[in-house]
Every structure is written in C-alpha cells, then in structure tokens.
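K.L.:
Let's see this in three dimensions:
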Amino acid sequence: MADHPRRRWLTIAGLALFLAVGPLAGTARADNDLIGGVADIVGGALSLPVGVLQGTMSGPPILGTLGGAIGGALNTITLTTRGVFRLLGVAIPLAAKIAPLIPLFL
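P.N.:
Down below sits the predicted model:
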C-alpha cells in the first residue's frame, strides 16, 4: 500500500506527458499528402517491372508474364494518377498562399 501515492503520481505524470506530446507526434495533412504523393509516383514507376517479375516467377511461363505485365501496367496507371492528384492537392493551396507574396520579390 505504500506504493499507491507513487503509482498515482506516475500515472498522472504519464497522462500529462501523453497529452502534451501526443498532438505533436502526428504529421500535418499537407506533409502526409506530399510524401504520399511522391511515394505513389515512385511506386507507380516500379510496379510494372515488379508485376512482370511476379507474374513470371509465380505463373505459367508466358501467361504469367503477360498477366504480370497487365497487372503492373494497371498499377502503374492508378498509382501514378493518384500520386499526381495528391501532389496537386498540396500544390494548389500552397500556390494560393504564396501568390500574393510574389510581387514583393519582383
């Protein structure tokens, strides 16, 4: 029973630390979309060769390669498109905030 005040103090201190640091640990939406957009574009560029290799190694000799190429091409198109739109979602608001400042530098 002697540890009860100490345990209570540690619980309160831990909760206070969690509440103080917790919001700082999350990333901002713009940073998340920027990094995610770049990652989607890079992943899209690499998904075609990965799809071909996966199809070749896991399927029948010719049909597996063709299936992997088709799946990789579809993944390339979707990931690249998603990455471009995520980057546009970051760039348009950023440009709107910076546009009024451009005459100051000219």
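K.L.:
Point out where the chain drops to low pLDDT.
P.N.:
For the chain, applying pLDDT under 70 flags the ranges 1-3, 22-31, 104-106.
K.L.:
90 instead, please
P.N.:
Low-confidence segments of the chain (pLDDT under 90): 1-36, 59, 61, 89-106.
K.L.:
Now do the same contact list for the residue nearest to the spatial centre of it.
P.N.:
Centroid-nearest residue in the chain: G36, 2.8 Å away (criterion: C-alpha atoms, centre = their mean). Applying C-beta atoms under 8 Å, 6 or more residues apart in numbering to G36 gives the contacts 83, 86. Any C-beta I mention is one placed from the backbone N, CA and C, and that applies to glycine too.
K.L.:
helix or strand for it, which one?
P.N.:
helix 29-58 (DSSP states H and E).
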